[in-house]
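Chemist: just coords:
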């Protein structure tokens, strides 16, 4: 099993937060694609103004994979070239209710990380797939506060 949620999730650094954690409960993923989803049921650390999951203000994290995994086709018998290389798309989708203005209803913010993996690379080049994932997630973790600040102040 690749995705095995453990609770709480330790949040990464954000301006104004101290040691954020997110206690999760298993939730049902939307039916449009296979996935594993959790909802945030409690907060830890200092996160003033943050809300946990509710109907009006969702706070969920959902890993998905394609409903039909694709494989690499056969090479052209003459040229030996595979001209069509399909991809398998894997995602982490986080949904969080946010207020666009005090006194207004919540709107859902969606944050996605998507990996489009060429079919066949899973067996031919697994180390480089893992390196891509590792560097990507490491960059997000390293730049978590900066990414949060960017969403607030627009300064890149």
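Modeler: That came through, no problem. The model shown is predicted, which means the values in this text are computed figures rather than measured ones.
Chemist: can you list the weak-confidence ranges in the chain?
Modeler: Scanning the chain for pLDDT under 70 picks out 1.
Chemist: Residue 47 against residue 15, yeah?
Modeler: No - using CB atoms under 8 Å, residue 47 makes no contact with residue 15, being 11.6 Å away. From N, CA and C alone the C-beta is placed, and that goes for glycine too.
Chemist: Have a look at these two and say which one is more surrounded.
Modeler: residue 47 (17 against 11; other CB atoms under 10 Å).
Chemist: Next up, the contacts around the more buried one.
Modeler: Taking CB atoms under 8 Å, 6 or more residues apart in numbering, we find residue 47 in contact with 17, 20.
Chemist: ok, it to residue 11 distance?
Modeler: From residue 47 across to residue 11, the span is 8 Å (CB to CB, to the nearest Å).
Chemist: Show me whatever sits in contact with both of these two.
Modeler: Common neighbours of residue 47 and residue 11 (criterion: CB under 8 Å, 6+ apart): 17, 20.
Chemist: Would you mind finding the longest helix in the protein?
Modeler: Scanning the chain for the helix with the most residues, using DSSP state H, yields helix 126-142.
Chemist: Tell me how far it lies from the chain's centre.
Modeler: Distance, stretch centre to chain centre, for helix 126-142: 13 Å (CA atoms, centre = their mean, to the nearest Å).
Chemist: Equivalent analysis for stretch 78-92, please.
Modeler: The chain centroid and the centroid of stretch 78-92 are separated by 23 Å, computed with CA atoms, centre = their mean.
Chemist: Also stretch 110-122?
Modeler: In terms of CA atoms, centre = their mean, the centre of stretch 110-122 is found 11 Å from the chain centre.
Chemist: which residues are in contact with it?
Modeler: If you take CB under 8 Å, 6+ apart as the criterion, stretch 110-122 is touched by 70-72, 82, 85-96, 128-129, 132-133, 136-137, 140.
Chemist: Ok, stretch 48-65 next?
Modeler: 3, 9, 16, 22, 24, 27, 29-30, 33-43, 88-98, 105-106, 108.
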